[in-house]
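Student: Give me a 3D structure for the following:
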Amino acid sequence: MRAIIAHDGGQTALGYLDLIDVEAITADPKPILGYSDISLLHLVLYARTGLVGFHADLATPGLGGHWQAAPAARRAELEKLYATLLTGAEAIGALPATPSWECWRSGRTEGRLIGGEINRIVLAQAMPYSLPLEWFYGAVLFWEEMGGQASYVWSYLQVLRHPRSDLRHGRGRPVRNRRTRLARRVPDPVRDSPRRPRRP
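Tutor: Residues are numbered from 1 along each chain as shown. The predicted model follows:
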């Protein structure tokens, strides 16, 4: 077995994080693909072993579902992308265009890409397996949200800006929004926070 593709997301990753054989993963690392709840696994393994996870399609709803309904040209495009990502040594370059993406604020940046489902990022940073805070400095924070409101995202970003999990030094925030349209402007946790009155 040379790669692991998660069957689905869900709510169970929290229940087995302390049972992971970190030494076995370090000795024989394999790419792990998945999103949603699997993003918590990505973050924890990255913190504990340095293994980079792939925020990518799940086996059943993705490869076994959406891919089968896609036109042949789109499937071929995705197959080439995944093959390059998993077996190639060169950079994958620009991602194939998709109508589900929209640009809220244009620009270019570079840095370490860290993220996942936004509440999983918060949970990971509250656990003993959290990423070192300095890893977020200059990083690009990627987050996804499903079924929540913009206020939920705003609240999670407020948690992340506090000293225990300070992400204020990131350079950008690409957003993956599934099923629920959020505010068109990406909330900035510092700019959008209520001003505190100054003490005399």
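Student: where does Gly93 land in three-state SS?
Tutor: Following DSSP: H, G, I helix; E, B strand; the rest coil, Gly93 is assigned to coil.
Student: ok, it - how many residues close by?
Tutor: 7 (other Cβ atoms under 10 Å). (C-beta placed from N, C-alpha, C; glycine too.)
Student: What distance do you get for it to Pro71?
Tutor: The gap separating Gly93 from Pro71 is 22 Å, by Cβ to Cβ, to the nearest Å.
Student: can you check Ser151 too?
Tutor: 37 Å.
Student: can you check Tyr156 too?
Tutor: Tyr156 is 36 Å from Pro71, by Cβ to Cβ.
Student: Assign a three-state SS to the residue most central in space within the chain, would you?
Tutor: Central residue of the chain (Cα atoms, centre = their mean): Gly116, 2.2 Å from the mean position. Of the three states, Gly116 takes strand under three-state DSSP.
Student: Would you state the predicted confidence (pLDDT) at it?
Tutor: Note on Gly116: pLDDT of 90.
Student: mind listing what's buried in the longest helix that the chain contains?
Tutor: In the chain, assigned by DSSP state H, the helix with the most residues is helix 72-87. Under the neighbour-count criterion of 16 or more other Cβ atoms under 10 Å, helix 72-87 has Leu78, Tyr82 buried.
Student: Can I get that helix in PDB? Just the C-alpha atoms.
Tutor: Once non-C-alpha atoms are left out, helix 72-87 reads as follows in PDB (Å, rounded to 0.1, in the frame of the first residue of the first chain):
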ATOM      1  CA  ALA A  72     -14.700  12.700 -19.600                       C
ATOM      2  CA  ALA A  73     -12.400  15.700 -20.300                       C
ATOM      3  CA  ARG A  74     -12.700  16.900 -16.700                       C
ATOM      4  CA  ARG A  75     -12.000  13.400 -15.300                       C
ATOM      5  CA  ALA A  76      -8.900  13.200 -17.500                       C
ATOM      6  CA  GLU A  77      -7.800  16.600 -16.200                       C
ATOM      7  CA  LEU A  78      -8.200  15.500 -12.600                       C
ATOM      8  CA  GLU A  79      -6.500  12.200 -13.200                       C
ATOM      9  CA  LYS A  80      -3.500  14.000 -14.600                       C
ATOM     10  CA  LEU A  81      -3.400  16.400 -11.700                       C
ATOM     11  CA  TYR A  82      -3.600  13.600  -9.100                       C
ATOM     12  CA  ALA A  83      -0.900  11.600 -10.800                       C
ATOM     13  CA  THR A  84       1.400  14.600 -10.900                       C
ATOM     14  CA  LEU A  85       0.700  15.400  -7.300                       C
ATOM     15  CA  LEU A  86       1.300  11.900  -6.000                       C
ATOM     16  CA  THR A  87       4.100  10.600  -8.200                       C
END
